[in-house]
Every structure is written in structure tokens, then in C-alpha cells.
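Undergrad: structure here, sequence nowhere to be found:
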């Protein structure tokens with residue numbers, strides 16, 4: 001893959017999925033690009049952003065630890081790869097990694113940051129993780145890339161990916177806690193054009209109840225300051 005935009009023939013998704021995906025793309029390709037580039041670098045950050053960086057580092061380690069120790073020869077999709085940190089670590093452990101993100105700007109950063117040591121083990125492209133032309137995978141990871149979608153759309157995403165997944169998919173959602181529910185309600189009051197996409201807190205049991213196929217396992221939550229994330233494992 002050469003990093004150009006891919007145009008998927010996706011499995012059936014809802015209009016809400018498409019609307020949310022487009023809003024997330026616009027946000028990360030415009031308002032948040034520079035902030036995200038700095039947050040995912042080694043540049044100093046302070047306050048809330050430092051706690052978010054620490055939380056993301058912990059979650060990235062948790063996701064890797066939830067996969068088999070020996071990844072040599074495994075083909076892994078990093079869905080919503082952002083600037084590539086997780087993809088690089090998976091490639092360093094021997095996996096052949098395909099990183100996909102809906103933001104061409106973030107894909108460009110990931111390509112520039114690719115270490116020479118893993119250059120032949122990882123490729124990046126801007127597009128949709130549901131694109132069937134990406135092929136099949138032994139494992140899929142999706143760190144904080146599905147946090148804006150409803151439980152129904154998450155179930156559709158998992159159902160659409162299941163036929164191309166031979167192992168497990170590790171993904172994260174925002175946990176349904178009183179604090180996050182309060183933030184969610186406040187976020188919905190803000191004018192849509194003036195705010196970032198709103199994270200939707202979830203209960204793993206509710207997502208599991210909407211699955212037409214496969215099993216869902218609750219791995220663990222990570223909390224660091226204002227970073228809240230819950231890792232889940234889906235097997236088809």
C-alpha cells in the first residue's frame with residue numbers, strides 16, 4: 001500500500017456511522033492535527049495532556065500484552081493507527097502491520113516517523129478499516145479509534161470485520177462511569193460546529209448483547225488523569 005486514500009466497498013453500516021466517521025476525519029485533519037502530532041511525540045507537554053499521554057502509553061502496553069508473545073509472521077491491522085506508535089511496536093515484535101486511519105494528515109506523520117528498522121514490516125494508508133480490499137488478518141487492534149461510535153455501530157463494525165479475522169481484535173471504548181456520562185451530556189449541549197466529536201461511554205455488556213456473532217471479553221480499564229479507556233477483546 002502506498003499511503004494513498006482507499007475507497008472501500010464497506011459492509012453495511014448506518015448513516016450515523018458515516019456521519020461520525022466524517023466528523024472525526026474533519027476534526028483530526030484540521031483542528032486537532034498539530035495537537036495530536038505533539039501529544040504523540042517526545043515533545044514536552046504539561047497538565048492534562050501529560051496524564052493523557054501517560055494513559056495512552058499504558059493502554060498501548062496493555063494491548064500489546066493482550067496479543068500473543070510471538071508475533072513473527074502475524075498479519076495485523078492497526079485500525080485508526082494515528083501517528084503510528086502502536087504499529088511500530090507491533091512491527092518491532094515481528095508482525096507485518098497495515099496501519100489505516102481516516103485522517104490523511106495523521107497517516108502522513110506516521111509515514112515520516114517510520115523507523116528504518118521496521119520500514120519493511122509496516123505500511124500505512126488513509127481510509128476506512130472496514131475496506132474488504134485490505135484482506136484478512138490474524139489480529140486487529142483499534143486503540144481509541146472507536147470511542148465516538150454507538151454500541152449499534154460498534155457491533156456492526158465487529159460483524160463486518162469478523163469474516164476477515166482469524167484471531168482476536170483488541171479495541172477500546174470509553175467506560176460508562178458517572179464522570180464520563182456527565183462529560184458526555186455536557187458535550188452534547190455544545191454547538192456541533194464548535195466542538196470535537198463526542199466520546200460515547202459504553203458498557204461492555206451492552207455491546208456484547210448487540211453482537212450477532214462472536215464473543216466479547218472485558219480486559220481492563222486504564223485511568224490516568226482525564227484519560228479513561230476500557231480494553232475489550234473480540235473473537236469471531
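TA: It's in. Here the structure is a predicted model, which is why all the values come from computation and not from measurement.
Undergrad: contacts and neighbour counts: CA atoms only from here.
TA: OK.
Undergrad: find the nearest non-adjacent residue to residue 166, please.
TA: Distance criterion C-alpha to C-alpha, 6 or more residues apart in numbering; nearest residue to residue 166, sequence neighbours excluded, is residue 138 at 5.0 Å.
Undergrad: what's in contact with the strand or helix carrying that neighbour?
TA: Residue 138 is part of strand 137-142 when elements are defined by DSSP states H and E. For strand 137-142, contacts defined as C-alpha atoms under 8 Å, 6 or more residues apart in numbering pick out 63, 74-81, 164-172.
Undergrad: am I right that residue 110 is in contact with residue 83?
TA: Yes. Applying C-alpha atoms under 8 Å, one finds residue 110 in contact with residue 83, separated by 4.2 Å.
Undergrad: among these two, which residue is more densely surrounded?
TA: residue 83 (26 against 23; other C-alpha atoms under 10 Å).
Undergrad: going along the chain from the helix or strand bottoming out on mean pLDDT in the chain, find the next helix or strand for me.
TA: Taking mean pLDDT, DSSP states H and E as the measure, the helix or strand of the chain with the lowest value is helix 178-189, at a mean of 52. Counting by DSSP H and E, the next helix or strand C-terminal to helix 178-189 is strand 201-202.
Undergrad: which other helices and strands does that following strand contact?
TA: strand 165-175, helix 178-189 (3 or more C-alpha pairs under 8 Å, 6 or more residues apart in numbering; DSSP states H and E).
Undergrad: for it, which strands pair with it and how are they oriented?
TA: According to DSSP bridges, strand 201-202 forms sheet pairs with strand 165-175 (parallel).
Undergrad: hmm, back to that, strand 165-175 and the strand holding residue 138, what's the angle between them?
TA: 10 degrees (axes from the mean of the first three to the mean of the last three C-alpha atoms, to 10 degrees).
Undergrad: just checking, what packs against the helix or strand just after strand 137-142?
TA: Remark: after strand 137-142, the chain's next helix or strand is helix 151-161, criterion DSSP H and E. When contacts are defined as 3+ C-alpha pairs under 8 Å, 6+ apart, helix 151-161 sits against helix 204-210.
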